[in-house]
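Engineer: Just a sequence and a predicted model for now, questions to come.
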Amino acid sequence: MSASVMSEYLARAEQNYPVYLAAEWSPSFPVAIAMTLHALRVSYEVRKMLNCSGRLPTAQEIFALLTLSFGGGILSALMLGKPQPWLVNNGMIPTYTLVYLAVGFCPQDWVFRILRMLSPASDVFLAAVDGAIRGYGVTATGVEMVRGMEGPISESLTAMIIIGTVLGCGGGIIEDVIQFSKRSWNFRTPTLLQRPNFDIGITFSSVLFYIFSTRTWSFAVQHPGLIGAEWIDALIELLVPHLTPETARGVCGLFCAGSLAYKAVGDHVRYNRLMSPAMPNTQETEVVEETKKDQ
């Protein structure tokens with residue numbers, strides 16, 4: 001494939017990326033396809049997690065599912081004083097609830113069984129879709145939402161990084177601290193403070209890459225008196241390619257999609273090992289629970 005054809009293909013993909021994410025099933029069923037697939041991904045992972053740790057009352061399982069699904073939006077909206085996305089969008093709670101009911105309580109359990117029969121392909125596909133949604137969300141929604149605020153916060157590098165990262169994995173953070181997926185809720189020390197977290201790592205990296213590749217923030221401009229500010233900017237210019245926002249979002253989407261797809265393969269192997277009758281390992285069950293709380 002020639003360079004010109006590749007460039008044309010990439011340019012078309014950049015333009016269509018947000019279009020695909022916003023595409024709906026039909027005019028008579030105005031629900032985003034990407035949102036439905038994300039609901040299926042989170043529902044599938046929650047069901048696997050509960051298969052390891054034990055099923056809960058239906059209402060509690062749905063509450064845990066919604067917390068994992070909307071946690072990033074909840075935290076970021078609270079920090080910025082914005083309306084909650086799940087309150088603004090009339091279709092979010094019904095869509096995620098119905099999808100989870102299908103995965104968790106379908107007669108003969110056929111939805112979950114089909115997903116398991118198709119694994120690891122189903123795991124990888126849903127994880128890749130989740131990554132594509134996340135890569136776009138933490139950049140176009142997270143970072144740009146901060147930039148669109150009024151006042152000094154619109155130029156805050158700290159706010160851009162924290163809001164972008166929290167938007168991508170806030171649900172997992174809430175679950176990690178409060179443990180909504182347990183029968184009895186309990187505060188605990190977040191595991192992200194005890195050991196590296198894969199999901200937070202890729203989200204944080206994507207946010208940083210987007211900020212500096214689009215030259216959204218400059219040390220020399222924002223803090224001209226800072227010692228070494230020009231050197232830091234020069235180093236960023238040398239190491240990080242200068243991209244348009246559209247291209248940077250596409251790169252972040254590909255990075256998150258590939259990373260989560262890779263992780264899904266390992267999660268698939270661990271889940272199969274845990275569900276094997278010959279290996280009732282409590283310690284490994286806890287590890288898998290924590291790796292599932294990354295939505």
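Structural biologist: Thanks, I have the structure now. Residues are numbered from 1 along each chain as shown.

Engineer: Contact partners for residue 213?
Structural biologist: Applying C-beta atoms under 8 Å, 6 or more residues apart in numbering to residue 213 gives the contacts 240-243, 248, 251. From N, CA and C alone the C-beta is placed, and that goes for glycine too.

Engineer: repeat that for 7 Å
Structural biologist: Going by C-beta atoms under 7 Å, 6 or more residues apart in numbering, residue 213 touches 240-243, 248.

Engineer: What of residue 76?
Structural biologist: Contacts of residue 76 by C-beta under 7 Å, 6+ apart are 142, 163, 166-167, 170.

Engineer: Please enumerate the helices of this protein.
Structural biologist: 3-22, 33-53, 58-80, 85-88, 92-105, 110-117, 121-136, 144-147, 157-178, 198-213, 219-222, 229-239, 245-275, 282-292 (DSSP state H).

Engineer: could you dump those helices to a markdown table with mean pLDDT?
Structural biologist: Formatted as a markdown table, the helices of the chain follow (pLDDT from 0 to 100):
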| stretch | mean pLDDT |
| --- | --- |
| helix 3-22 | 76 |
| helix 33-53 | 96 |
| helix 58-80 | 95 |
| helix 85-88 | 93 |
| helix 92-105 | 97 |
| helix 110-117 | 96 |
| helix 121-136 | 97 |
| helix 144-147 | 95 |
| helix 157-178 | 94 |
| helix 198-213 | 97 |
| helix 219-222 | 92 |
| helix 229-239 | 95 |
| helix 245-275 | 95 |
| helix 282-292 | 48 |
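
Engineer: For residue 215, give me its contacts.
Structural biologist: residue 242.

Engineer: Hmm, I typed the wrong one, I wanted residue 233.
Structural biologist: Residue 233 neighbours (C-beta under 7 Å, 6+ apart): 218-220.

Engineer: Type out the ChimeraX command that picks the buried ones from those.
Structural biologist: Filtering these down to the buried ones (16 or more other C-beta atoms under 10 Å) takes a single ChimeraX command:
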select :218,219
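
Engineer: got the contacts of residue 233 as TSV, with distance to residue 274 columns?
Structural biologist: Below are the contacts of residue 233 laid out as TSV (distance: C-beta to C-beta, whole Å):
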residue	distance to residue 274
218	48
219	47
220	52
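
Engineer: circling back to that earlier point, for residue 85, state which of the contacts of residue 76 is nearest.
Structural biologist: residue 167 (9.8 Å; C-beta to C-beta).

Engineer: where's that closest one relative to residue 161, distance?
Structural biologist: 11 Å (C-beta to C-beta, to the nearest Å).

Engineer: So between these two, which is more surrounded?
Structural biologist: residue 167 (27 against 18; other C-beta atoms under 10 Å).
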